[in-house]
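K.L.:
attaching a predicted model along with its sequence, questions to come.
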Amino acid sequence: MTRTDGGDDGPEVLVVGGGATGVGVARDLAMRGVSVVLAERDGLSAGATGRSHGVLHSGARYAEADERGAEECVRENEILRDVAGVCVADTGGLFVSLASDDADYFARKRDACLAVGIDAEEVPVAEARERVPGLSDRVERAMWVPDGVIYPSRLVAATAGDARDRGARIRTHAPLTDVAVDGGRVVGATVGGDDLDVDVVVNAAGAWAESCAALAGVDVPMRPTKGVMVGVERDGVGPVVNRARSPADGDIAVPHPGSDRVVLGTTSVAVDDPDDYERGDEEVERVIEECAGMVPGFADDAVVDTYWGVRPLYGPSEADRAAAATDAAGTGDARGISREFTLLDHERDGAAGFYSIVGGKLTTHRAMAEAVADRVCERLGVDADCRTAAEPLAAADAPETVDRLVAEFDAGSPADYDVTGAE
């Protein structure tokens with residue numbers, strides 16, 4: 001095997017996982033002058049990122065149940081609109097309440113949105129019908145929110161390309177097969193058959209974080225859940241359409257501007273293995289039926305594709321939860337960054353220099369990456385601030401360039417193939 005090290009560039013960081021968070025970490029570290037290599041076992045965007053429904057959340061979905069998470073979403077929503085260019089689409093979003101829905105819930109969500117700074121506005125149902133032709137006659141209330149659409153393949157490819165321009169090495173189809181730990185710290189890793197001399201390993205493997213951590217002798221218990229997305233053929237749906245009720249199956253419809261494809265989602269079913277799980281027709285049918293409550297025509301629209309994704313949900317023990325809560329107060333080794341994602345420092349597990357980032361959502365990937373990069377730079381003694389919220393992605397306004405990067409990094413995904421032309 002070939003041995004590679006950081007050479008004259010100083011300490012080497014290996015980031016494992018080519019989804020939005022992984023490439024975000026690689027870009028952030030490269031911008032701070034850290035030598036970094038990113039490794040993905042498949043093409044980029046192959047996991048949850050490329051199999052999501054691709055909503056750029058305003059935070060409205062979570063406002064009444066998770067104030068902190070909603071604040072995080074609305075902040076990152078605004079940042080991505082500024083820096084991600086053609087990787088996002090400013091569609092806006094509607095929350096609609098049907099006659100059978102809890103009217104008090106709609107009011108709680110509207111008030112909660114306003115309380116956390118989300119620009120939410122109740123609009124006449126007639127106006128909502130203008131924006132969403134075919135909206136159900138059962139819709140009684142509607143609220144406009146600043147949701148949008150993320151094209152995951154473009155976002156990941158553009159971020160990886162920017163990271164590479166700044167010195168990061170991007171390795172696709174290069175599985176991690178070993179993490180070497182000696183004397184209680186990371187000393188190397190094996191990626192794609194090559195032994196790397198690395199000082200830090202960042203586990204950003206999503207639903208596969210548990211198996212990645214096991215290579216370092218560390219336990220990161222994950223509780224993945226599967227969800228199905230259904231692409232239907234329909235033109236004229238302008239905004240993202242959300243059902244104003246507690247999150248449930250089939251409560252969101254995501255249009256792609258310039259395409260006649262609308263992605264309906266989703267379900268949430270626990271699975272044991274993120275690589276091997278049942279994909280049932282009944283889930284597809286349930287999503288279509290529930291989404292048709294908002295737009296009845298969805299039930300008759302041609303189904304053009306279906307795809308499943310697996311959410312990287314963290315399932316810690318009570319002891320781990322306590323450790324995370326402790327470090328959030330400043331005195332532990334596992335840090336609970338927010339209710340939405342968690343950064344674990346495995347020094348307390350006998351693997352100093354090994355970090356796991358778990359949970360979160362596509363909208364907040366940049367903030368997750370910043371949290372990781374802050375911790376890694378702290379360990380390495382690198383004094384450099386995060387700049388990812390201010391500096392646009394290098395190819396952000398060049399769709400042809402971004403789509404070439406999608407092809408180069410094998411980042412095409414079912415979430416947005418109709419936009420990028422790559423699956």
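P.N.:
Good, I have the coordinates.
K.L.:
tell me the contacts of Ser356?
P.N.:
Going by Cβ atoms under 8 Å, 6 or more residues apart in numbering, Ser356 touches Val202, Asn203, Ala209, Cys212, Ala213, Val218, Val220, Leu343, Leu344, His346. The C-beta positions use only the backbone N, C-alpha and C, and glycine is treated the same way.
K.L.:
okay, now the first one: neighbour count?
P.N.:
Look at Val202: counted by other Cβ atoms under 10 Å, it has 30 neighbours.
K.L.:
so it is in contact with Val13, correct?
P.N.:
Yes: Val202 is in contact with Val13 according to Cβ atoms under 8 Å; the separation is 6.6 Å.
K.L.:
any residues in contact with both of the two?
P.N.:
Val376.
K.L.:
for my notes, confirm Val232 occurs in a helix.
P.N.:
No: going by DSSP: H, G, I helix; E, B strand; the rest coil, the assignment for Val232 is strand, not a helix.
K.L.:
quick check: it vs Gly24, distance?
P.N.:
Distance, Val232 to Gly24, by Cβ to Cβ, to the nearest Å: 31 Å.
K.L.:
and if you look at Glu127?
P.N.:
37 Å.
K.L.:
can you tell me which residues contact the most centrally placed residue in the chain?
P.N.:
What sits nearest the mean C-alpha location of the chain, by Cα atoms, centre = their mean, is Leu362, with 2.2 Å. Contacts of Leu362 were listed using Cβ under 8 Å, 6+ apart, and they are Ala20, Thr49, Ser52, Gly54, Val55, Ile150, Pro152, Leu155.
K.L.:
what pLDDT does Glu340 get?
P.N.:
Glu340 carries a pLDDT value of 77.
K.L.:
in the chain, which spans are helices?
P.N.:
In the chain, the segments counted as helices under DSSP state H are 20-31, 67-83, 103-115, 125-131, 152-165, 209-214, 281-291, 318-328, 365-380, 399-408, 417-420.
K.L.:
in a markdown table: those helices, plus mean neighbour count.
P.N.:
Formatted as a markdown table, the helices of the chain follow (neighbours: other Cβ atoms under 10 Å):
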| stretch | mean neighbour count |
| --- | --- |
| helix 20-31 | 30 |
| helix 67-83 | 20 |
| helix 103-115 | 17 |
| helix 125-131 | 15 |
| helix 152-165 | 28 |
| helix 209-214 | 21 |
| helix 281-291 | 18 |
| helix 318-328 | 15 |
| helix 365-380 | 23 |
| helix 399-408 | 20 |
| helix 417-420 | 21 |
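K.L.:
let's have those in JSON lines, adding distance to Gly59 and mean pLDDT.
P.N.:
Formatted as JSON lines, the helices of the chain follow (distance: least, Cβ to Cβ, whole Å; pLDDT from 0 to 100):
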{"stretch": "helix 20-31", "distance to Gly59": "18", "mean pLDDT": "98"}
{"stretch": "helix 67-83", "distance to Gly59": "3", "mean pLDDT": "96"}
{"stretch": "helix 103-115", "distance to Gly59": "7", "mean pLDDT": "97"}
{"stretch": "helix 125-131", "distance to Gly59": "20", "mean pLDDT": "97"}
{"stretch": "helix 152-165", "distance to Gly59": "19", "mean pLDDT": "98"}
{"stretch": "helix 209-214", "distance to Gly59": "25", "mean pLDDT": "98"}
{"stretch": "helix 281-291", "distance to Gly59": "22", "mean pLDDT": "97"}
{"stretch": "helix 318-328", "distance to Gly59": "21", "mean pLDDT": "52"}
{"stretch": "helix 365-380", "distance to Gly59": "12", "mean pLDDT": "97"}
{"stretch": "helix 399-408", "distance to Gly59": "26", "mean pLDDT": "98"}
{"stretch": "helix 417-420", "distance to Gly59": "24", "mean pLDDT": "96"}
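K.L.:
which among those helices is found nearest to Val237?
P.N.:
Nearest of the helices of the chain to Val237, taken as Cβ to Cβ: helix 125-131 at 8.6 Å.
K.L.:
roughly how far is the closest one from the heart of the chain?
P.N.:
On the basis of Cα atoms, centre = their mean, to the nearest Å, helix 125-131 sits 30 Å off its chain's mean C-alpha point.
K.L.:
kind regards, and thank you for your time.
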